[in-house]
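J.: Provided below are the primary sequence and the corresponding predicted coordinates.
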Amino acid sequence: MASAAEQDEWTRAAGRAGAPAAAAGRRPHRYGDPRSVLPGGPEPLGARVGTGPGGAAGTGFALWAGGAEAVEVCLFEGEGPGAQETRYALTERTEGVWHGFLPGVGAGARYGFRVHGRWDPWTGARWNPAKLLLDPYARAVDGEFRLPPEVYGHVRDWPQRQVADTVRDERDSAPFVPKGVVVADGVPEAADGWLRPGTPWADTVLYELHVKGFTRRHPGVPEELRGTYAGLAHQAAVEHLRELGVTAVELLPVQQFAHEDHLLRRGLTNHWGYNPIGWFAPHAGYAACGTRGEQVGEFRRMVRALHAAGIEVILDVVYNHTAEGGELGPTLSLRGVDNRAHYRLQQDARRYTDVTGCGNTLDAARPAALRLIADSLRYWVTEMGVDGFRFDLAATLARSAGGGVDMAGPFLAVLAQDPVLRRVKLIAEPWDVGPGGYQVGAFPPPWSEWNDRYRDAVRDFWRGAAPDVRELGTRVSGSSDLYEREGRAPYASVNFVTAHDGFTLRDLVSYERKHNEANGEGNRDGTDDNRSWNCGAEGESDDPRVAALRRRQLRNLLATLLLSAGVPMLVAGDEMGRTQGGNNNAYCQDNETGWVDWSLLGDPGWAALRALAARLLRLRAAHPVLRRREFFSGRPRVSGGPPDLAWFRPDSAEMTQDDWHGPACTLVFFLSGDGAPGRGAPDDGFLAVLHAGHEPVDVLLPGPPWAEGYELVLDTSREDQGDEPGTRHPGGAPLAVPPRSLLLLRAPGTGTAPRNGAGGQGS
């Protein structure tokens, strides 16, 4: 840290440099009559249309800025840089909330805040009233984020770059930043008033999609609606989801986000949206009908359309950091509202703690930040109709004031007791990049988690790199080693083989190396740990043997995912062979690389893959034994019946502990349908054979008491499954299993004779 003398000198230098900058950067504005500002109230935060003292119609404004010296709300009339700004001082202050009521201001008005206070970056104080700030509670945002020097709170081009962030920039940022929009309240609806599907966790199938990328090339969606909320609500898009059989869409970030400077300089944008700046506002770029508040209604209509089709809406939310970045980033909102109350700062308070890899970390252990998160989540549930959330880098939010991950800390405690939030689906991405950040299996009920150990085990097995089958057996049977505690269930595990971050399913079997050159970072971005296999040729291949093997591997991966215990998550387009050309970090590819290619369905092979996914999901929906509500015990569910789960060697002998610890390329297990917990009538039994070897293998089918006979349901060595194959095989007979294939056989009813033997989890 610099000495006091050095700080004083830099402050004097800033004063000398700041005066001409201020003169050059001032924009014309006017001050409104202070007598027109009525007291209003400190609740709710943000801008809310209503009735003020004396019955006057208008809008109340309230901003928490606990350490500020003064706050102005600024209204804008007209468009573009020449918009007329009128400033009103909010003189009322209640427990850190600055508030006032402006008669005559209604829905559609554009506004922002200017917050006055000390400029002392050395202690974390970064107030700068020259910077127009987006209301953290703004429910709609109008205008594009640009990043010229004027939007930075410090003099970005200060000659002594090592201290540039300590010199305050006095130029006005208003012409270059978007404005909040006053939005009228919608029709009041209780949390249960949205005709929510209410799908139980055990029956849930997630489908991760990007609002724009999913419909941008969809031929059945009108051109003017493609890439928008209205496009996702269109019948053509909804029908695909219904026919496929998914029960919930998990939307990549739809809260207002901004693009990073380094991307804009390369002519790219943040396509995925993991760079938030407005946690109450639907991202304006996905609106078809306008951005002066119309995006709010369009989003609500999208949710209603999906609910009407029986599909829940889960939001991928990013509360761990903001688009303001580190100390050299722009001043757009929270940094200028109260930097120290919202961000985690280092001991040298000029610097930001960064456990997100994005420059800053929101401090969810502090009251102001925690309230902002909780208020935002409740808003999306009660007023926008969503059914749950997937939390990006959730371990960051669970960090305590001391910096460690605390599963009994403020963030998790608030959600656990909140009467609205504790009833919705909560999914953790259970890691961040900070110390102790890997927390898979550690989140308490009612949380579910992305299970990357499932992803790695399935990828390794099918590419022939699994050292033994114990890990795979544990993962496909629900990961009880991670989740069988505190009353958790198999659906605590969100199983996935691919996600937005990484290779698509098709690329997973087509590339062994990432090909991210289009991102402009010298192919240094994105993970090198892909656990992929290109089946003998890197990239697209005309070799029919390579193409056939790749499609077989796709069927193997897809079938494993959809038949495993836990909640399966598909990624949009994987069911029809979407490719990103080997790019495993397409976050900045808002183009054909990042969009779903619907023309693939014109290829019979890819259409067959989609048909297989739909058939597997119908099978899953029809058979409770494939949708576990409780972990397997390895014991009979009914007296005299077989164990609920049993594992076999290819010779039909039950596996011993030694069998679990040797290299093996074949895994055989039997699921008994007797007395599936909480499911009523008995179900059929199923025998699954997963064979990753490059040579065929004979498997002796377990006979009585397991089953008298079996009916072949699925054989991934065949591209065209058509109707259920239906070939019958007697128990005790050998079955020839083709290389690199998954076979699923149904045993109508299950045996009833008592049986003692090994079973239960793969561990």
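T.: Received it, and whenever you're ready, just let me know what you need. Numbering: from 1, shown residues only.

J.: center of the protein, which residue is that?
T.: Per CA atoms, centre = their mean, the C-alpha nearest to the average position across the chain is that of residue 316, at 3.0 Å.

J.: Tell me who's in contact with that one.
T.: 208, 250, 251, 252, 253, 389, 390, 392 (CB atoms under 8 Å, 6 or more residues apart in numbering). For glycine as for every other residue, the C-beta is placed from the backbone atoms N, C-alpha and C.

J.: Let's have these in TSV, adding neighbour count, distance to residue 469 and secondary structure.
T.: Shown next, in TSV, are these (neighbours: other CB atoms under 10 Å; distance: CB to CB, whole Å; DSSP: H, G, I helix; E, B strand; the rest coil):
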residue	neighbour count	distance to residue 469	secondary structure
208	23	28	strand
250	26	30	strand
251	25	36	strand
252	23	34	coil
253	21	37	coil
389	24	35	strand
390	26	30	strand
392	21	32	coil
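
J.: Between those residues, which sits nearest residue 221?
T.: residue 251 (16.3 Å; CB to CB).

J.: and that closest one, what pLDDT?
T.: If you check residue 251, the pLDDT there is 98.

J.: Do a quick rundown of the strands in the stretch 501-650 of the chain.
T.: Applying DSSP state E, counting those that start in this stretch to the stretch 501-650 of the chain gives strands spanning 567-571, 645-648.

J.: May I see those organised as CSV, with distance to residue 521 and mean pLDDT added?
T.: Listed next are the strands of the stretch 501-650 of the chain as CSV, based on distance: least, CB to CB, whole Å; pLDDT from 0 to 100:
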stretch, distance to residue 521, mean pLDDT
strand 567-571, 23, 98
strand 645-648, 45, 96
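
J.: tell me the most buried of the ones you listed?
T.: The highest average neighbour count among the strands of the stretch 501-650 of the chain, using mean count of other CB atoms under 10 Å, belongs to strand 567-571 at a mean of 25.

J.: name the helices or strands packed onto that strand?
T.: strand 206-209, strand 493-495, helix 544-563 (3 or more CB pairs under 8 Å, 6 or more residues apart in numbering; DSSP states H and E).

J.: what's the angle between that strand and helix 544-563?
T.: Here strand 567-571 points in a direction 140 degrees away from that of helix 544-563 (axes from the mean of the first three to the mean of the last three CA atoms, to 10 degrees).

J.: Quick one: low-confidence residue ranges for the stretch 601-750 of the chain.
T.: 675-681, 721-725, 749-750 (pLDDT under 70).

J.: now the helices: where do they sit in it?
T.: 604-622, 657-660 (DSSP state H, counting those that start in this stretch).

J.: Residue 327 contacts residue 167, correct?
T.: No - shown here, residue 327 and residue 167 do not form a contact pair, counting by CB atoms under 8 Å, at 11.9 Å.

J.: Need the residues touching each of the two.
T.: In contact with both residue 327 and residue 167: residue 154, using CB under 8 Å, 6+ apart.

J.: returning to that earlier point: single out the most deeply packed of the helices of the stretch 601-750 of the chain.
T.: helix 604-622 comes out most buried of these by mean count of other CB under 10 Å, with a mean of 18.

J.: now that helix: how far from the chain's centre is it?
T.: 25 Å (CA atoms, centre = their mean, to the nearest Å).

J.: Next one, pLDDT for residue 512 please.
T.: Model confidence at residue 512 (pLDDT) stands at 97.

J.: excluding its backbone neighbours, what's nearest it?
T.: In this structure, residue 512 finds its nearest non-sequential neighbour in residue 534, 4.7 Å apart by CB to CB, 6 or more residues apart in numbering.

J.: For the one you found, list the residues it contacts.
T.: Per CB under 8 Å, 6+ apart, neighbours of residue 534: 509, 510, 511, 512.

J.: now the strands of the stretch 501-650 of the chain as JSON lines including distance to residue 311?
T.: Below are the strands of the stretch 501-650 of the chain laid out as JSON lines (distance: least, CB to CB, whole Å):
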{"stretch": "strand 567-571", "distance to residue 311": "13"}
{"stretch": "strand 645-648", "distance to residue 311": "31"}
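
J.: out of those strands, nearest to residue 600?
T.: That would be strand 567-571 among the strands of the stretch 501-650 of the chain, by CB to CB, at 14.1 Å.

J.: what angle do that closest one and helix 604-622 make?
T.: 160 degrees.

J.: And for strand 567-571, what's in contact with it?
T.: 201-202, 204-209, 244, 246, 250, 448, 450, 491, 493-496, 498-500, 504-505, 561-562, 613, 620.
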